[in-house]
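S.K.: mind looking at a prediction? Sequence and model below.
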Amino acid sequence: MVKEIKTAELIKMINSGNQAVVKFYSKNCKYCTKLGDIYANISNEFGDLNFYKISIDLYPESTLPEVLVFNGVPTILLLNGRGERKYRFLDEPKKPDKDTWYGKEHVKQFLKRHFKEIK
């Protein structure tokens, strides 16, 4: 399940050291809209992680902590737990999906690769 959050909640999560996956999106972004269903499906497959989304339409990048600067949406971020402040952004795909930018397998591989580290 994916929960919509506000900037203040994201900052609390970062400071608490909780592990989570966060998708930054815009309602005006066609990739973001189409990626929504894929992201929700993936959240069901990785039940040990908390999945969130945050709209840059409501909470622009300027309201986010400096360490979370990114170049556009959709952007997917993994917050590492264990009390460490560790962030990993999903790399840009070599061959972007024509509909969703990030393909389902691209996102799953990213989580599997880093999930081993944070579990």
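M.R.: Sure thing, it's come through.
S.K.: residue boundaries of the strands in this protein?
M.R.: Remark: strands assigned in the chain by DSSP state E are 2-4, 20-25, 50-55, 75-79, 87-89.
S.K.: need those in TSV (columns: mean neighbour count).
M.R.: In short, each C-beta sits where N, CA and C put it, glycine included. Putting those into TSV (neighbours: other CB atoms under 10 Å) gives the following:
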stretch	mean neighbour count
strand 2-4	14
strand 20-25	23
strand 50-55	20
strand 75-79	22
strand 87-89	15
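S.K.: in CSV: these, plus distance to Ile42 and mean pLDDT.
M.R.: Formatted as CSV, the strands of the chain follow (distance: least, CB to CB, whole Å; pLDDT from 0 to 100):
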stretch, distance to Ile42, mean pLDDT
strand 2-4, 9, 95
strand 20-25, 8, 91
strand 50-55, 8, 93
strand 75-79, 10, 87
strand 87-89, 16, 75
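S.K.: let's have the ones you listed in a markdown table, adding distance to His106.
M.R.: What follows is the strands of the chain, written out as a markdown table (distance: least, CB to CB, whole Å):
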| stretch | distance to His106 |
| --- | --- |
| strand 2-4 | 18 |
| strand 20-25 | 13 |
| strand 50-55 | 16 |
| strand 75-79 | 9 |
| strand 87-89 | 13 |
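S.K.: out of these, which is closest to Trp101?
M.R.: Closest approach to Trp101 among those is made by strand 75-79 (9.7 Å; CB to CB).
S.K.: who are the packing partners of the helix or strand of the chain with the lowest mean pLDDT?
M.R.: Of all helical and strand segments in the chain, the minimum by mean pLDDT, DSSP states H and E falls on strand 87-89, at a mean of 75. Counting contacts by 3 or more CB pairs under 8 Å, 6 or more residues apart in numbering; DSSP states H and E, strand 87-89 packs against strand 75-79.
S.K.: what comes into contact with the strand it packs on?
M.R.: Here strand 75-79 makes contact (CB atoms under 8 Å, 6 or more residues apart in numbering) with 13-14, 18-24, 39, 68, 70, 86-90, 102, 107, 110-111, 114, 118.
S.K.: thanks a lot, see you next time.
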